[in-house]
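J.: requesting a structural model of the entry that follows:
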Amino acid sequence: MDLNGKKVLVIGLGKSGISSARFLKKHGAYVIGFDEKKEDEMKSQEKETIQKFVDELYFNDLPDSVVNASEMVVVSPGVPLTKRYITLAHKRGIEVIGEIELAYRFCRSKNIVAITGTNGKTTTTTIVGEMLKKAYDNVIVCGNIGFPFIDYIESSTGDTIFVIEVSSFQLETIKYFKPRVACILNITPDHLNRHINMENYIKAKMRIFENIDQEGYSVLNMDNSITRDLIGCAKGTVIVFSKSKLEAQNSVFVDGDFIYYNFSGKLEKVMKKDDIFIPGEHNLENVLAAISCALPFKIEPSTIEKTLKEFKGVEHRIEFVREIKGVRFYNDSKGTNTDASSKALNSFEAPIILIAGGYDKGESFEKLARLISQKVKKVFLLGQTKQKIADQLQKIGYFNFEFVEDLKEAVKKSFESAKEGDVVLLSPACASWDMFENYEQRGRLFKQYVNEL
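T.: Numbers count the residues shown, from 1 in each chain. Sure thing, here's the model as predicted:
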């Protein structure tokens, strides 16, 4: 793909957009940058960085003439494809791709593991990376976790193994992207404000299998009803995983107290499930998926076991922060939907004080409200969805909640309400964009406020 002199429009100038612009500029493209923020809303440092990599820069609104003059559009994941300027590009026959697709077109390696799903992506991606790093010298974990895929393309070789966390938003804009191993962990309602309905959301996730060939592998969860039904759509060699015993030829499963895999005609006992360092049934599911993704790389059972005994989890996912006067604080800022927060709540037996609420992605809070009534002694609600969650709690007769203005107040009041032995859990069940730049900023501020108590 020759970028020299090509007019490329980059839409959305966050982390992914800036990385794309930098790459395009380095390869000789004429780069046009656009972000829907108003110019005075962009931090001066961000603007200075962007200006280094673009030839033209637009804010707030994009003239049709700019789109018409473009030869290719690279759109950031956070930008809905229904936007006027993207619709116009499609209408004009201008190719619209994302950063993942752009990076793939210049990638020298065929060793790509791509992992998607509603929940567990970051944990699973990290575990796969840790397993592979124990057996191979050149392993890069990237995508939705850490830095964009495109940041590593020029320094990689044909021997590099990429382990990439990919979202449904990123999969909407692929064309040729072809992982060697593609995994869908699970699918539950999420991002319905963007995808409109579950059918569209499932279709976006399924695109991860789109270009898999006979030499590739598709990994699916047998314990999730939606992913189980996708087996007929998976391509290449299909590997399935379950927390129950499986008889399938290529599978990873639990039988009694032990984890096993059956792969390439070989049945192996891996380890006791209780020896996994990170707790929770959801993490057992993540572990089984990670083993499934590592099998095509001939990872030994002893390497898998060593990794899982040592791996202590990822930041912002049921992350222990500290204990103060017998009250334990946990940061689950990555709990950005109701299913993730439900799993977090079910990870504790101790009384819970919950901090929840945030950007509204169109989810129902009905099921979460029922679980809160069973597991939570008090809830502090903030953000765009606080009234929506409160309404569901009131419907089922749960009234032990309180509205707060910000996260700092939520932490302070949670500590004041807690007794020795209680758990204070930040698990918002919502995205962060109404009050924070991202879930990482929300989680780090939570930890800061806890440490200031």
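
J.: low-confidence ranges, the stretch 51-200 of the chain, go.
T.: Applying pLDDT under 70 to the stretch 51-200 of the chain flags the ranges 190-196.

J.: in it, which spans are strands?
T.: Secondary structure of the stretch 51-200 of the chain (DSSP state E, counting those that start in this stretch): strands located at 56-59, 72-75, 95-97, 111-116, 139-143, 161-165, 181-184.

J.: ok, Pro189 - how many residues close by?
T.: The number of residues packed around Pro189, counting by other Cβ atoms under 10 Å, is 18. (Glycine included, C-beta is placed from N, CA and C.)

J.: that one and Val163, how far apart?
T.: According to Cβ to Cβ, to the nearest Å, Pro189 stands 26 Å off from Val163.

J.: what does Leu288 give?
T.: Using Cβ to Cβ, we find Leu288 at a distance of 16 Å from Val163.

J.: neighbour count winner among these two?
T.: More crowded of Leu288 and Val163, by other Cβ under 10 Å: Val163, with 30 against 27.

J.: tell me who's in contact with that one.
T.: If you count contacts by Cβ atoms under 8 Å, 6 or more residues apart in numbering, Val163 has them with 113, 115, 125, 128-129, 132, 139-142, 293.

J.: reformat the strands of the stretch 51-200 of the chain into a markdown table and put distance to Val252 next to each item.
T.: As requested, those are arranged in a markdown table below (distance: least, Cβ to Cβ, whole Å):
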| stretch | distance to Val252 |
| --- | --- |
| strand 56-59 | 48 |
| strand 72-75 | 36 |
| strand 95-97 | 33 |
| strand 111-116 | 14 |
| strand 139-143 | 20 |
| strand 161-165 | 17 |
| strand 181-184 | 11 |
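
J.: mind checking which of these is nearest Lys306?
T.: strand 139-143 (15.6 Å; Cβ to Cβ).

J.: partner strands of the closest one, with direction?
T.: Partners of strand 139-143 in the sheet, by DSSP bridges, are strand 161-165 (parallel).

J.: quick one: the partner strand to strand 111-116, angle?
T.: Using axes from the mean of the first three to the mean of the last three Cα atoms, to 10 degrees, one finds that strand 161-165 and strand 111-116 are set 10 degrees apart in direction.

J.: and strand 161-165, how far from the chain's centre?
T.: Distance of strand 161-165 from its chain centroid, counting by Cα atoms, centre = their mean, to the nearest Å, is 13 Å.

J.: is it true that Ile174 touches Ile212?
T.: No - in this structure, Ile174 is not within contact of Ile212 by Cβ atoms under 8 Å, at 11.9 Å.

J.: show me the contacts for Phe53.
T.: Applying Cβ under 8 Å, 6+ apart, the residues contacting Phe53 are 18, 21-22, 24-25, 31, 33.

J.: ok, now Arg92?
T.: With contact set as Cβ under 8 Å, 6+ apart, Arg92 has these partners: 67-68.

J.: and it, how close does it get to Ser292?
T.: For Arg92, the distance to Ser292 equals 42 Å [Cβ to Cβ].

J.: mind listing what's buried along stretch 303-319?
T.: Neighbour counts over stretch 303-319 (16 or more other Cβ atoms under 10 Å) mark 303-305, 307-308, 311, 313-314, 316-319 as buried.

J.: an error on my part: the question was meant for stretch 218-232.
T.: Counting neighbours by 16+ other Cβ under 10 Å, stretch 218-232 gives 218-224, 226-227, 230 as buried.

J.: same check on stretch 88-108?
T.: Neighbour counts using 16+ other Cβ under 10 Å place 88-89, 94, 96-104, 107 of stretch 88-108 among the buried residues.

J.: what about the helices in the stretch 51-200 of the chain?
T.: Here the stretch 51-200 of the chain has its helices, by DSSP state H, counting those that start in this stretch, at 64-69, 84-91, 99-105, 121-133, 168-171, 192-195, 198-206.

J.: so of those helices, which one's packed in deepest?
T.: Highest mean neighbour count among the helices of the stretch 51-200 of the chain (mean count of other Cβ atoms under 10 Å): helix 121-133, with a mean of 26.

J.: that one versus strand 111-116: what angle between them?
T.: Calculated by the same axes, to 10 degrees, helix 121-133 forms an angle of 160 degrees with strand 111-116.

J.: mind giving me the packing neighbours of helix 121-133?
T.: Helix 121-133 sits against strand 111-116, strand 139-143, strand 161-165, helix 281-294, helix 301-310, with contacts defined as 3 or more Cβ pairs under 8 Å, 6 or more residues apart in numbering; DSSP states H and E.
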